[in-house]
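In: Sequence and predicted structure below; questions after.
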Amino acid sequence: MSNLHWSKQYDQDLEEVRSKVLLMGGLVEEQFQKAVQALLEGDVQLADHVIATDAQVNQLEVALDNICAELIVRRQPAAGDLRTVVSAIKVIADIERIGDEAIKVARAAKNLQTRNLLLLNQCQPVHTIVETAMQMLRGAFDAYARLDKEQAVEVIALDDDLDREFHEMMRSLITYMMEEPRTISAVLDILWAAKAIERIGDHATNICEFVVYIVEGDVIRHTDYAKRVLGVISDHDNARPD
């Protein structure tokens, strides 16, 4: 019975880690939403609120790192449990960086309000990359919560779409800057925000790669794993060595 009790407590400890990771994830998701709202609506107070929440995210990161370290020392996990704890530490770091990128969007929103230029048409393309990045972020957290490898793979595959959308937006804004030199500083702020949004997609991808690692034990970083699973490898990709 004592072994059974120990096992149940161990499972509860692992579940507590996952729950707190998802709590932190919910916080940065809210940061991201509000940062984008501040950017699109020119809401400086909302941008300040987003920036102020950074301390809370950082505190959660430190607390979770300590919980994971203590769990490794006390429980000495092995195999799948060790993958779960190690991945949690990595995911925590990615979540904290997502919060940092949301802060960059909020700061860009504040900077734009000092330019005294109305660039609503140039901000509109941000909607597209925001939708893709938000889809990736929510999908990543859902995949992590349910350890859903299939959903994780689908999110990873979306990263190519986000990269393409970002580069299309960047080309459009560069053309606009060349035509309207007086807007260069403001457009650079928009590009700065757009790059931060694109990076959020990269961190969502990282989280999904750790989901695959937890479930399968495979390290898939820097591979075409998602393309191969979804069957969308091109002839050029097939020609490359593994």
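Out: Sure, I can see it.
In: Burial check on E15, number of neighbours?
Out: 11 (other CB atoms under 10 Å). Using the backbone N, CA and C atoms, a C-beta is placed for each residue, glycine as well.
In: who are the neighbours in contact with it?
Out: By CB atoms under 8 Å, 6 or more residues apart in numbering, the contact set of E15 is empty.
In: swap in the one 10 residues further on?
Out: When contacts are counted by CB under 8 Å, 6+ apart, G25 touches 95, 141, 144.
In: Three-state assignment for the first one, please.
Out: So that's I95. helix (DSSP: H, G, I helix; E, B strand; the rest coil).
In: any idea which element the residue lying closest to L112 once chain neighbours are set aside lies in?
Out: Among residues not flanking L112 along the chain, D189 sits closest, at 5.1 Å (CB to CB, 6 or more residues apart in numbering). Element membership for D189 (DSSP states H and E) is helix 184-216.
In: Can you classify R221 by secondary structure?
Out: Under three-state DSSP, R221 comes out as coil.
In: who are the neighbours in contact with the closest residue to it other than its chain neighbours?
Out: Counting by CB to CB, 6+ apart, E209 is the residue found nearest to R221 once chain neighbours are left out, at 5.6 Å. Each residue near E209 by CB under 8 Å, 6+ apart is listed here: 152, 156, 220-221, 225.
In: For the contacts of G25, could you give me CSV that also reports pLDDT, neighbour count and distance to V86?
Out: As requested, the contacts of G25 are exported to CSV (pLDDT from 0 to 100; neighbours: other CB atoms under 10 Å; distance: CB to CB, whole Å):
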residue, pLDDT, neighbour count, distance to V86
I95, 98, 30, 15
F141, 97, 23, 19
Y144, 97, 24, 14
